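Asks: the sequence and its predicted three-dimensional model are supplied below.
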Protein chains: 2
Amino acid sequence: MPYELAGRSSQKHRTRTALVTAARDLVRQGVTPTVEETAAAAAVSRTTAYRYFPNKRALLLAAHPEIAATSMLPANPPEDPAARLDAVVANFSAMILDTEAQQRTMLRLSLEAEAAERDALPLRQGRAIAWIAEALDGVRGELSEKQFGQLVLSIRATIGIEAIVWLVDVAGISRNDAVALTRWSAQALLQRARTVAPPTPSRSSKQGRPSNASLDRISNTPAATRPTRP
Amino acid sequence: MPYELAGRSSQKHRTRTALVTAARDLVRQGVTPTVEETAAAAAVSRTTAYRYFPNKRALLLAAHPEIAATSMLPANPPEDPAARLDAVVANFSAMILDTEAQQRTMLRLSLEAEAAERDALPLRQGRAIAWIAEALDGVRGELSEKQFGQLVLSIRATIGIEAIVWLVDVAGISRNDAVALTRWSAQALLQRARTVAPPTPSRSSKQGRPSNASLDRISNTPAATRPTRP
DNA sequence: GTCATCGTGGTACTTGAGTCCCACAAGGCC
DNA sequence: GGCCTTGTGGGACTCAAGTACCACGATGAC
């Protein structure tokens, strides 16, 4: 039984909540607080903080910004799937930018995990999948279950904080332009899915090719023809 | 004048090279070495390592994997832009997976920068932009300079290590499926660009809308209609 | 050769992460 | 009231990052 559920659980719950709330407040300010600072802000001792979280990373991960919204659609959502998707992407992006400091912190923390524990912990699971799926409800019938899931994943991979970070930090474009680009990309993926289905995963070693005859010979390009690194 | 260019510069160059090489070897093994370990591997003292790099992060960033290839196209590249792009994306993805540990380390290090220094340092600038642009040479004429650049950026944002990390770690799909998905996505972006141009950046506050009349009213959705966080 | 310069190594220090152990005090139970 | 359980606080420790200072040794100029 985990520490926090045994014994005087309500007292423990208060202590844990104080820690998480303090951490959340500090992360929201864009800083990465020390364990001692977080504990002090929660009015508990550093030792107690380590009783609830095995390390600083776990403590800050527990402070992941809470997004209560169960939908990213406006009050009177449009019918057209493309319009619905764009609304969701726009709102999602605005939310990401609103909490950018926290999003960056969480992204960094998720990368600090060792390969072994990455498999174990369900980190950074957001609600984006559900929001996108809701937007695309109208095209569910046009695709297989698997293809629909793949489309949602590809859209999420394209519009997330990871893409924004690259576009802003490395490509050097403005946040507004980055969002415009991801919105455009999301539309592109949807359009393409309604024409050519996304790759169905893991059926054969050749899976994943765009079903475009002219691409076949490329997809079969053996490794030997690839450029090699020194 | 920076430390390494003044005085006995060739000796300093040897020392610096030894440090970077040692760091690169260690990062390639998937570990994040301590400064002391790196210095020992380079047969210099920890103190000297700090003379060349202000902190561990800078030292490891200097160990970014060297990719000498100036092109990701196979020996006899196809003419069709879509086929060329798929070849480049496939080879690029293979290269990313070959050096996944290093790519993850570099991505994490780039996120550890403070906002202030992010603006200053040109971090993690790879050659992907050039490789993608080369693949898409054939469609340059179909788009404006700006639109072409935006297309390249959106493709890079979709196929990079950031997307792979999300698809594998969070979405939980296999690396092969992740690559298949990014290849499919890249094709979608190209196709869409040849039909509807990517958003032209920063001309007005309304820039970035997909040029789809039915989307106009969504893009103008005021913040008040967005779901709000508690 | 001698000497000042300059790159380097070593040592000591501070700070934060993380661990361990023990003392204390607040809760429930009789 | 007393007693035992249990959550908490505090001190001491190790380790790595980062800084500061000083001594040694090699290099280049004369």
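Replies: Nice, thanks for sending it over.
Asks: is there proximity between the host helix or strand of A:Ser110 and chain B?
Replies: Taking DSSP states H and E as the definition, A:Ser110 sits inside helix A:100-111. Yes. For helix A:100-111, a contact with chain B is found by CB under 8 Å from any CB of the partner chain, at A:Arg104, A:Leu107, A:Arg108, A:Ser110, A:Leu111. Where C-beta positions appear, they are placed from N, C-alpha and C, glycine not excepted.
Asks: and stretch A:188-197, by the same measure?
Replies: Yes. Under the criterion of CB under 8 Å from any CB, chain B is reached by stretch A:188-197 at A:Ala188, A:Leu189, A:Gln191, A:Arg192, A:Ala193, A:Thr195, A:Val196.
Asks: interface residues of chain A facing DNA strand C?
Replies: Taking CB under 7 Å from any atom of the strand as the criterion, chain A approaches DNA strand C at residues A:Arg8, A:Thr34, A:Val35, A:Glu36, A:Arg46, A:Thr47, A:Tyr50, A:Pro54, A:Asn55, A:Lys56, A:Arg57.
Asks: next one, pLDDT for A:Ala113 please.
Replies: For A:Ala113, the model assigns a pLDDT of 76.
Asks: in chain A, where is pLDDT below threshold?
Replies: A:1-2, A:4-9, A:115-124, A:197-198, A:200-230 (pLDDT under 70).
Asks: quick check: A:Pro65 touching A:Asp98?
Replies: No. The pair A:Pro65 / A:Asp98 is not scored as a contact, 9.1 Å apart, by CB atoms under 8 Å.
Asks: of these two, who's got more company?
Replies: A:Pro65 (17 against 14; other CB atoms under 10 Å in any protein chain shown).
Asks: gap between the more buried one and A:Glu100?
Replies: The gap separating A:Pro65 from A:Glu100 is 10 Å, by CB to CB, to the nearest Å.
Asks: kindly report the same for A:Arg175.
Replies: In terms of CB to CB, A:Arg175 sits 8 Å off from A:Glu100.
Asks: looking at these two, which has the bigger crowd around it?
Replies: Neighbours were counted for A:Arg175 and for A:Glu100 using other CB under 10 Å; A:Glu100 has more, 17 against 14.
Asks: now do the contacts for that one.
Replies: Shown in contact with A:Glu100 (CB atoms under 8 Å, 6 or more residues apart in numbering or on different chains): A:Ile161, A:Ile164.
Asks: show me where chain A has helices.
Replies: For chain A, the helices defined by DSSP state H occupy A:9-28, A:35-41, A:46-52, A:56-61, A:81-98, A:100-111, A:115-120, A:128-135, A:145-159, A:161-165, A:175-193, A:216-219.
Asks: quick one: which of those helices is nearest B:Gly30?
Replies: Nearest to B:Gly30 among the helices of chain A is helix A:115-120; the distance by CB to CB comes to 7.4 Å.
Asks: tell me the domain ranges of chain A?
Replies: Following automatic domain parsing, chain A resolves into domains at A:9-61, A:81-206.
Asks: deepest of those domains, which one?
Replies: The highest average neighbour count among the domains of chain A, using mean count of other CB atoms under 10 Å in any protein chain shown, belongs to domain A:81-206 at a mean of 20.
Asks: how much space between A:Gly30 and A:Ala83?
Replies: A:Gly30 is 34 Å from A:Ala83, by CB to CB.
Asks: stretch A:93-105: end-to-end distance?
Replies: End-to-end span of stretch A:93-105 (CA to CA, to the nearest Å): 17 Å.
Asks: neighbours of A:Ala63, how many?
Replies: A:Ala63 has 24 neighbouring residues, counting by other CB under 10 Å.
Asks: once you drop chain neighbours, what's closest to it?
Replies: Nearest in space to A:Ala63, with sequence neighbours left out and distances taken as CB to CB, 6 or more residues apart in numbering or on different chains, is A:Ala23 at 3.7 Å.
Asks: list the contacts for that neighbour?
Replies: For A:Ala23, the contacting residues are A:Pro33, A:Thr38, A:Ala41, A:Ala42, A:Leu59, A:Leu60, A:Ala62, A:Ala63, by CB under 8 Å, 6+ apart.
Asks: now do A:Leu107
Replies: Here A:Leu107 is in contact with A:Arg124, A:Ile161, A:Glu162, A:Val165, B:Leu111 (CB under 8 Å, 6+ apart).
Asks: and the second one, how far from DNA strand C?
Replies: Here A:Ile161 is placed at a distance of 23 Å from DNA strand C (CB to the nearest atom of the strand, to the nearest Å).
Asks: contacting residues for that residue?
Replies: Contacts of A:Ile161 (CB under 8 Å, 6+ apart): A:Ile96, A:Glu100, A:Gln103, A:Arg104, A:Leu107.
Asks: likewise for the third one?
Replies: With contact taken as CB under 8 Å, 6+ apart, A:Glu162 is in contact with A:Leu107, B:Glu162, B:Ala163, B:Val165, B:Trp166.
Asks: is A:Thr21 in contact with A:Ala42, as I believe?
Replies: Yes. Judged on CB under 8 Å, A:Thr21 makes contact with A:Ala42 at a distance of 7.2 Å.
Asks: what about A:Pro81, distance to DNA strand C?
Replies: Taking CB to the nearest atom of the strand, one finds A:Pro81 at 45 Å from DNA strand C.
Asks: repeat for A:Thr21
Replies: A:Thr21 is 18 Å from DNA strand C, by CB to the nearest atom of the strand.
Asks: also A:Leu85?
Replies: Taking CB to the nearest atom of the strand, one finds A:Leu85 at 40 Å from DNA strand C.
Asks: so what's the residue lying closest to that residue once chain neighbours are set aside up against?
Replies: Using CB to CB, 6+ apart and skipping the chain neighbours, the partner closest in space to A:Leu85 is A:Ala135 (4.5 Å). By CB under 8 Å, 6+ apart, A:Ala135 lies in contact with A:Met72, A:Leu73, A:Pro81, A:Arg84, A:Leu85, A:Ala87, A:Val88.
Asks: if I pick the nearest residue to A:Pro33 once chain neighbours are set aside, what's in contact with it?
Replies: Nearest residue to A:Pro33, sequence neighbours excluded (CB to CB, 6+ apart): A:Leu26, at 4.1 Å. Counting by CB under 8 Å, 6+ apart, A:Leu26 touches A:Pro33, A:Glu37, A:Thr38, A:Ala41, A:Ala63.
Asks: over to A:Arg175?
Replies: A:Leu97, A:Ile164, A:Val168.
Asks: closest to B:Ile155 among the residues you listed?
Replies: After measuring those against B:Ile155 - CB to CB - the closest member comes out as A:Ile164, at 15.6 Å.
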